[in-house]
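Need a 3D model of the sequence below.
(chains A, B, C and D)
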Protein chains: 2
Amino acid sequence: MNPMSEQTEQRRYHHGDLRAALLEAAEHSLRSHGPAQLSLRDLAREVGVSHGAPRRHFPERQDLLDALAENGYVRLGERIRRAVTSGDPDFAARVQRATSAFAHFAMENRALLELMNAAKHRPEGTGVPRSAEVAFEPLVDLLREGQERRLLRVGSIEEIGIILYATINGLATLVNNGLIDAERLEELIEIAVDQFLRGTAP
Amino acid sequence: MNPMSEQTEQRRYHHGDLRAALLEAAEHSLRSHGPAQLSLRDLAREVGVSHGAPRRHFPERQDLLDALAENGYVRLGERIRRAVTSGDPDFAARVQRATSAFAHFAMENRALLELMNAAKHRPEGTGVPRSAEVAFEPLVDLLREGQERRLLRVGSIEEIGIILYATINGLATLVNNGLIDAERLEELIEIAVDQFLRGTAP
DNA sequence: AACACAAGTAGGCGATGCCTACATTCGTGT
DNA sequence: ACACGAATGTAGGCATCGCCTACTTGTGTT
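The predicted model follows:
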């Protein structure tokens, strides 16, 4: 009866923080239906706003996807940073923890990871590529430290970093695509990192 | 004036081999615009057939994508097989050639590779997953041979194969996403395989 | 209080995938 | 040879989507 009672939420003309609400709804949709099914009009309905409203915050659909990806990299970076800086300070153990953190993130955010990987070939130094770079900084620093302490062979840190990243991300992708059971990822990562350290030992 | 002269091609009611024509047009479209832009109606126009016709051969859009992916795995498998069985019979050299063949295929068929990787979580033992398995058989066999000849540590052949595959495919994906220059792929693969062999040595 | 601007609404456009009903051709069995 | 069923192609409809424009409502600043 009360014209403004709609599940405790009042329908004001202005939403208040539509951008955040859209991102939240998008993440939820992402978890249940994947990136391809994500529709702006759908999100607008979900949030209870007209189909044109999201345009004010995300002029193009891809802009929303980019925002999600960037957000994802921030969270991933945080987890990697924590993994590197806490716990057993042994070098190999820290590499294992960092990659394992990546693996867990990948499993808990499968569709998001796909988005993060696809947010590509944009002008460098801005947006998603930049946030991805930041996210992996702790891991790169860790590898650099390994080199300085003569635990890794000297050589282009960028090259071995890329290779390690490609391996971990590749394994996560295989899980995402159903070619590996999720339960096996942790074990495979452990083996892969072990091989990596062995292969890059001086 | 002649009702049936349309660029040497006659417009017959039945196309003859529409399925193949669609796949060819799809591959062409894939090369220039990526998987997301691929439209059934577009292909139909290109081939000169009504928009509903493709449905007879590919009831759903995904079915066409699956066919492309499967076709891709067949061609990739052929290249891997050739790489393994020809040239310098040295074990490491054969592994390098096989992975390098993969890398070249990935660069020459970027959008297709994306499709191949995305053709996922389908009922096992049929279609795309099966053709992928077949494509990599020569490489798996090669690794098994390496184990028998004590060039690789013993252990689950499936595990180390998956890890090698994840690494190579991961690197190819990074190139596809523009995070690595294409010219560097060959070199990175070489380093990665070298590390792999070192890391899996007995 | 006035006003410029941000944020949301409403409707339209072209395109897509999938659907159904119908038309044409092919191939096979008698 | 031919009739008929199956395969293949056509035509049009439907809901949805992304993007666009014109208009409305609220906000915050001066």
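
CA only for contacts and neighbour counts going forward, please
Fine.

can you list the residues of chain A near chain B?
Those residues of chain A that sit near chain B, judged by Cα under 8 Å from any Cα of the partner chain, are A:117-121, A:159, A:162-164, A:166-171, A:174, A:177-179, A:188, A:192, A:194-200.

which SSE is residue A:133 in?
The secondary structure element spanning residue A:133 is helix A:127-148 (assigned by DSSP states H and E).

any idea where the helices of chain A begin and end?
Remark: helices assigned in chain A by DSSP state H are A:18-33, A:40-47, A:61-85, A:91-108, A:110-118, A:127-148, A:157-176, A:182-199.

Quick one: list the elements packing against the third one.
Using 3 or more Cα pairs under 8 Å, 6 or more residues apart in numbering or on different chains; DSSP states H and E as the contact criterion, the elements in contact with helix A:61-85 are helix A:18-33, helix A:91-108, helix A:110-118, helix A:127-148.

can I get these in TSV with mean neighbour count?
Shown next, in TSV, are the helices and strands packed on helix A:61-85 (neighbours: other Cα atoms under 10 Å in any protein chain shown):
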stretch	mean neighbour count
helix A:18-33	16
helix A:91-108	20
helix A:110-118	20
helix A:127-148	18
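
ok, for residue A:138, nearest residue in space, not its chain neighbours?
residue A:81 (5.7 Å; Cα to Cα, 6 or more residues apart in numbering or on different chains).

circling back to that earlier point, centre of the chain versus the helix holding residue A:133, how much separation?
Taking the mean of its C-alpha atoms, helix A:127-148 sits 14 Å from the chain's own mean (Cα atoms, centre = their mean, to the nearest Å).

same deal with stretch A:91-98?
19 Å.

cool, and stretch A:145-163?
24 Å.

right, and residue A:83 touches residue A:97 too?
Yes: using Cα atoms under 8 Å, residue A:83 makes contact with residue A:97 at a distance of 5.5 Å.

returning to that earlier point: pull out the buried members of the residues of chain A next to chain B.
A:117-120, A:162-164, A:166-171, A:174, A:177-179, A:188, A:192, A:194-200 (16 or more other Cα atoms under 10 Å in any protein chain shown).

wait, doesn't residue A:88 sit right on residue A:94?
Yes: counting by Cα under 8 Å, residue A:94 is a contact partner of residue A:88 at 7.0 Å.

May I have the phi/psi pair for residue A:60?
phi -130, psi 150 (degrees, to the nearest 10).

In CSV: the helices of chain A, plus mean pLDDT and distance to residue B:104.
Below are the helices of chain A laid out as CSV (pLDDT from 0 to 100; distance: least, Cα to Cα, whole Å):
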stretch, mean pLDDT, distance to residue B:104
helix A:18-33, 97, 33
helix A:40-47, 97, 38
helix A:61-85, 97, 29
helix A:91-108, 96, 28
helix A:110-118, 94, 21
helix A:127-148, 94, 25
helix A:157-176, 95, 17
helix A:182-199, 96, 24
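
a markdown table for those helices, including distance to DNA strand D?
As requested, those are exported to a markdown table (distance: least, Cα to the nearest atom of the strand, whole Å):
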| stretch | distance to DNA strand D |
| --- | --- |
| helix A:18-33 | 11 |
| helix A:40-47 | 4 |
| helix A:61-85 | 4 |
| helix A:91-108 | 24 |
| helix A:110-118 | 14 |
| helix A:127-148 | 18 |
| helix A:157-176 | 23 |
| helix A:182-199 | 30 |
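
Could you check the pLDDT of the residue nearest to residue A:150 when sequence neighbours are not counted?
Nearest in space to residue A:150, with sequence neighbours left out and distances taken as Cα to Cα, 6+ apart, is residue A:202 at 7.0 Å. Per-residue pLDDT puts residue A:202 at 89.

Determine the number of other residues adjacent to residue A:202.
11 (other Cα atoms under 10 Å in any protein chain shown).

how deep is the spatially closest residue to residue A:49 that is not a sequence neighbour tucked in, by neighbour count?
Once flanking residues are discounted, residue A:49 sits nearest to residue A:15: 8.0 Å by Cα to Cα, 6+ apart. Other residues near residue A:15 come to 14 when the count uses other Cα under 10 Å.

how close does residue A:15 get to residue A:39?
19 Å (Cα to Cα, to the nearest Å).

Also residue A:106?
Distance from residue A:106 to residue A:39, by Cα to Cα: 23 Å.

next one: residue A:94
Counting by Cα to Cα, the gap from residue A:94 to residue A:39 is 40 Å.

How about residue A:169?
In terms of Cα to Cα, residue A:169 sits 27 Å off from residue A:39.

Same question for residue A:137.
Taken as Cα to Cα, the span from residue A:137 to residue A:39 is 33 Å.

rewinding a little: could the helices of chain A go into CSV alongside distance to residue B:67?
Supplementary listing: the helices of chain A in CSV, determined by distance: least, Cα to Cα, whole Å:
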stretch, distance to residue B:67
helix A:18-33, 23
helix A:40-47, 30
helix A:61-85, 28
helix A:91-108, 28
helix A:110-118, 22
helix A:127-148, 33
helix A:157-176, 20
helix A:182-199, 27
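
Quick one: closest of those helices to DNA strand C.
Proximity to DNA strand C (Cα to the nearest atom of the strand) singles out helix A:18-33 among those, at 4.6 Å.

give the contact list for the closest residue to residue A:163 other than its chain neighbours.
Spatial nearest neighbour of residue A:163, chain neighbours left out: residue B:192 (6.4 Å); criterion: Cα to Cα, 6+ apart. Counting by Cα atoms under 8 Å, 6 or more residues apart in numbering or on different chains, residue B:192 touches A:163, B:167-168.

returning to what we had before: which outside residues touch the helix holding residue A:133?
By Cα under 8 Å, 6+ apart, helix A:127-148 touches A:66-67, A:69-70, A:73-74, A:76-78, A:80-81, A:84, A:91, A:95, A:98, A:116, A:119-120, A:122, A:124, A:152-154, A:157-158, A:161.

And stretch A:53-73, by the same measure?
Contact with stretch A:53-73 is made by A:18-19, A:22-23, A:27, A:40, A:44, A:112-113, A:115-116, A:119, A:127-128, A:131-132, A:135, as judged by Cα under 8 Å, 6+ apart.

Sort out which residues of it are buried, please.
Those would be A:53-54, A:58, A:64-73, for stretch A:53-73 by 16+ other Cα under 10 Å.

Near the residue nearest to residue A:138, how many other residues are there?
Residue A:81 - counted by other Cα under 10 Å - has 18 other residues nearby.
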